[in-house]
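Trainee: I would like to see how this sequence folds:
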Amino acid sequence: MGVNAGVTRGVTRRNLLIAAGVGTGLAVGWAAWPRRRAIGWAAGEGEQVINAFIKVGVDGRVTVAVPQAEMGQGVWSGLAQIVADELGADWRAVGVEPAPLGPEYANHGAFNDQLAGMPAAMRGLAGWGATKVVEYLEFQITGGSTSIRGFEAPLRHAGAAAREMLCRAAARRWDVDWDECDTAGGFVVHKANRIAFADIAGDARLEDAPDEPVLRAAPVLVGKPVLRLDIPAKTDGSARFGADVRLPGLRYAAIAQGPIGARRTGIDRSALPAGARLVEQPDFVAVVADGWFAAKTALEAVKISYAAAANPPGPWLEAGLKAALDSEGTEVRSDGSVGAARGTGSITADYTLPFLAHACLEPMTATARIENGKCEVWAPTQSATIATWGVARALDIDADDVVIYPTLLGGGFGRKVEMDACVQAALIARAVGAPVQLIWSREEDFGHDMWRPAVAARLRGSAGPGGIGAWDAHVAVPDIGAGFTGRNVPAVAGSPKAGAGAIEGAVDLPYAIDGVRVVHSLADCNVPLGFWRSVGHSFTGFIVESFVDELAVSADVDPGSFRLAMLKDQPRHAAVLRAVLQAGGPLGRVSPGVGRGVALVESFGSIVAQVAEVALVDGAPPRVTRVWAAVDCGRVINPDTVRAQVEGGIVYGLTAALHGRVSFAGGEAEQRNFDSYPLLTLADAPAIEVIIIASNENPGGIGEPGTPPIAPAVANAIFAAGGGRRRDLPLVAA
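Mentor: Numbering: from 1, shown residues only. A predicted model of the protein is given here:
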């Protein structure tokens, strides 16, 4: 997928480059997929594209194709750091460029977590099949904390292959054995010989790419806190987000989508200002003008009437969740006897969690241009593949006639894996016959989210000094995946199903428990649901770790010691928990009105434990003053990124735990801006200390695992401080 030559400078894939200019020279990469078509990464003047991931310019600059969306998690830098390490590049001369669609850039890690619960033999076959499917579909997606997990291996191979080709070319010139050569700081070196990548790239491109390049035995850059590539551009304002795109003749659109499930019955356009253009589609009304504020003002002058849905979303949704707990449900795990969970000395607890918004600081936006039957879209998207499919379906054109240019994202959290804004921008551009930039208002962004579902759970259990004897959990939550595929991949859409995937984190517990039973009940929901940072772990973490704490109290055992006693067969979990307990100090009540609580959650291949300290003052909401977090995320690429993501995950999760709630009335969300859906302020943010556990295990995810433990850690701390047991979120009443 090349860059259209007619695209204005500043908005092509090449000009979305971060941190390094593009020279001419060698481009190399690695992929197991056969060359059934030309590599889609565009070559600049004088560049030679051999494969998919790396370009070395004649000026010595190295450009890395990154298939994953950058939304603040540092993945562009992390992926480039992996390549630069194997290649032997000078980090100061490394840059990145968004990768086009192609099998080389398919995210193989997207389904790893879904395969984890299968038997080993079946998992291997299913994994092979999933790999072939995602490659064939050119399935690019950033989600599930899979970026480093999914691309570390292919990018290491790409860097090592390029290094070998450069060494072979230099060895020919020096008449030495190539395997006596190495690379460092952007040079090929052999004893007293030294040549810059720029001066040997032309020869190196003629070398055959090795099938099995030798990887470096010890890292040079990986594991170091190198400067992120996107920071300078974000600091000086030159970074390009969705609303920064500019095209010749660009017009701007504001949109109104109506209550959920409602039917539009009329439009009064009599007050529409001159020069503004009204666009009607079955699912929305838009106004196009020469500026976005003009478009929004004009849209507000248009009166749109609706007939309400037969059963609009309202308070009945949450009531239905609690009722679902009285149903039989679907058993998804049954090990040993759980009779003691209902016997003498057992305890029962009901938990509820509300719908949540994504609350990205950058609202939904996309810019579209249609020329000669082809559509180009610039968007802050988490999946160029899903956006491509959606636009092609909406315009009834071939997917090969759609090009998506990913920009930086001002927050994603799962919301921007959806393609609705891209489709809307394309439809509006077709209607007006001009390039259009669509920006949702903040009210539209909150009012038409794909929400994290509300959840209810009932847990029963029994425990003694040695740990939990019986665990019986029943979780009621809608199936997120069915709605997502129905909207975005209708060819494989199915009916909602109960199962372990819908309640991830509630089934595979890290603790050694004699009797475990887990049941899932589907709950009715006519609200569009989507993936939210940490997905199912965002609610099962609270449910599981709150009840573990309650059982520790019932057994009269320190909550930290109680957990450790059940982790004898989980050394990594135990090490993480010990580290955070050592850093955070004693649990329980530490002074009048001050308590500390703990939680431990494994998600996305990483293990995170947190201790929260909460202060209670009469008449005031609980104040979280300090948080300690320990994380084992396997092999670390950049420790600064790990710390930043754990800190960000804590703040995001704490916002939800304290304040997050979306309610519905008359088919509409009642929270439509930050006044009614407040974010945690800097003044209220706790001091956070992150401890990284050294590990040689394969990398785990890090964008999401910091979020699940914070809500239960805080709730447990409130109990320890004397504030009572909190089983319902949010913790602060509206």
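Trainee: what about the stretch 201-350 of the chain, any weak spots by pLDDT?
Mentor: Regions of the stretch 201-350 of the chain meeting the criterion pLDDT under 70 are absent.
Trainee: Quick one: the strands in it, in order.
Mentor: 251-256, 263-268, 277-281, 284-289, 303-307, 330-335, 347-353 (DSSP state E, counting those that start in this stretch).
Trainee: Need the residue closest to the centroid of this structure.
Mentor: Gly143 (3.7 Å; C-alpha atoms, centre = their mean).
Trainee: Report the separation between that residue and Gly703.
Mentor: In this view, Gly143 and Gly703 are 9 Å apart by C-beta to C-beta, to the nearest Å. Where C-beta positions appear, they are placed from N, C-alpha and C, glycine not excepted.
Trainee: next one: Thr348
Mentor: Thr348 is 35 Å from Gly703, where distance means C-beta to C-beta.
Trainee: Check whether Gly588 really touches Ala720, as I assumed.
Mentor: Yes. In this structure, Gly588 is within contact of Ala720 by C-beta atoms under 8 Å, at 4.8 Å.
Trainee: When these two are compared, which one has more neighbours?
Mentor: Each of Gly588 and Ala720 has its neighbours counted (other C-beta atoms under 10 Å); Ala720 has more, 23 against 17.
Trainee: Which residue, neighbours along the chain excluded, lies closest to that one?
Mentor: Using C-beta to C-beta, 6 or more residues apart in numbering and skipping the chain neighbours, the partner closest in space to Ala720 is Gly595 (3.0 Å).
Trainee: Beta-bridge partners for that neighbour, please?
Mentor: In this entry, Gly595 is beta-bridged to Arg589, Val614, by DSSP bridges.
Trainee: Next, count neighbours for it.
Mentor: Other residues near Gly595 come to 24 when the count uses other C-beta under 10 Å.
Trainee: circling back to that earlier point, joint contacts of Gly588 and Ala720?
Mentor: Common neighbours of Gly588 and Ala720, using C-beta atoms under 8 Å, 6 or more residues apart in numbering, are Gly595, Arg596.
Trainee: neighbouring strands for the host helix or strand of Ala473, and are they parallel or not?
Mentor: Here Ala473, judged by DSSP states H and E, is contained in strand 467-476. According to DSSP bridges, strand 467-476 forms sheet pairs with strand 455-464 (antiparallel), strand 515-521 (parallel).
Trainee: Between strand 330-335 and the last one, find me the angle.
Mentor: This points to strand 515-521. Per axes from the mean of the first three to the mean of the last three C-alpha atoms, to 10 degrees, the angle that strand 515-521 makes with strand 330-335 is 170 degrees.
Trainee: The stretch 1-150 of the chain: strands as residue ranges?
Mentor: Going by DSSP E, counting those that start in this stretch, the stretch 1-150 of the chain shows strands at 25-28, 48-49, 54-57, 62-66, 94-98.
Trainee: Redo those strands as a markdown table? Include mean neighbour count, distance to Phe197 and mean pLDDT.
Mentor: A markdown table is the format used below for the strands of the stretch 1-150 of the chain (neighbours: other C-beta atoms under 10 Å; distance: least, C-beta to C-beta, whole Å; pLDDT from 0 to 100):
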| stretch | mean neighbour count | distance to Phe197 | mean pLDDT |
| --- | --- | --- | --- |
| strand 25-28 | 27 | 8 | 46 |
| strand 48-49 | 18 | 14 | 56 |
| strand 54-57 | 29 | 5 | 86 |
| strand 62-66 | 28 | 7 | 92 |
| strand 94-98 | 23 | 11 | 90 |
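Trainee: Would you mind telling me which of the ones you listed is nearest Leu325?
Mentor: strand 62-66 (44.3 Å; C-beta to C-beta).
Trainee: is it true that Ala256 touches Ile304?
Mentor: Yes. Counting by C-beta under 8 Å, Ala256 touches Ile304, with 6.1 Å between them.
Trainee: Need the residues touching each of these two.
Mentor: Contacts common to Ala256 and Ile304, judged by C-beta under 8 Å, 6+ apart, are Val285.
Trainee: So which of the two has more stuff around it?
Mentor: More neighbours surround Ala256 than the other of Ala256 and Ile304, with 21 against 17 (other C-beta under 10 Å).
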